[in-house]
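S.K.: Using only what follows, build the 3D model:
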Amino acid sequence: MLLHILILIAIINSLTGKAIIARNVSDCTISEDGILLYHGKHSFTKFDQECLSWNDLQTMYVDIINEPNFYSDPSIKAAKNYCRNPNMNVDGPWCFVETESIVSMEHCNVCQSLASRATLPTDIGFIDEEATNDTDGGFFPTIRDEVKRYAAYIHERMKKLMEHIRKNIRRLRSRFSDQSNYNT
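M.R.: Next up, the predicted model:
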């Protein structure tokens, strides 16, 4: 079944004219600082733009593109246009793309399974104690606790967002009233 799905994906991708490059977690490493590095041959950004050749941009971005930063590649020329992380960007592998004659940096969707995930706060005070003190430790109580933690986290974030919106509305009202007083 999995083989059939892979073949179907390969056929569909070949119709779009893009090369199919298998991405593998073994092509990814994490530095001691938690920075994601990629050594595979994927050359498209997360927005499906083709990466530019590193070698062609070496003179433009000397501070970013230099030999020691291309870890597993024998040279910058060998890195071709593959996604890399030469400046140790915390968001992981990226490459340069050109859009309307503007060269910019864009992230690639590689190594995402190794990326650190945001953790939810565990010190939210209004989660009821019975949910956090289950002693049976079963599957469903654990799921219930996680759902409650997510709900509490979302609730707190929504409260902060609403307060931010209220503050901006007050500021806009103040500006508007100041401006209308000035105009009269």
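
S.K.: drop to CA atoms for contacts and neighbour counts, all remaining ones
M.R.: Fine.

S.K.: To what extent is H39 buried, counted in neighbours?
M.R.: 22 (other C-alpha atoms under 10 Å).

S.K.: just wondering, since we're on it, how far is it from S53?
M.R.: Using C-alpha to C-alpha, to the nearest Å, one gets 15 Å for the distance from H39 to S53.

S.K.: cool, and N181?
M.R.: On the measure of C-alpha to C-alpha, N181 and S53 end up 58 Å apart.

S.K.: D27 too?
M.R.: For D27 relative to S53 (C-alpha to C-alpha), the value is 19 Å.

S.K.: If you count surrounding residues, which of those two has more?
M.R.: S53 (20 against 14).

S.K.: hang on, the more buried one packs against K80?
M.R.: Yes. Look at S53 against K80 with C-alpha atoms under 8 Å: they come within range, at 5.2 Å.

S.K.: which regions of this protein lie under the pLDDT threshold?
M.R.: 1-24, 71, 113-142, 145, 182-184 (pLDDT under 70).

S.K.: mind giving me the domain split of it?
M.R.: If you go by automatic domain parsing, the domain ranges for the chain are 21-114, 129-183.

S.K.: winner for burial among those?
M.R.: Mean neighbours per residue, mean count of other C-alpha atoms under 10 Å, is largest over the domains of the chain for domain 21-114, with a mean of 17.
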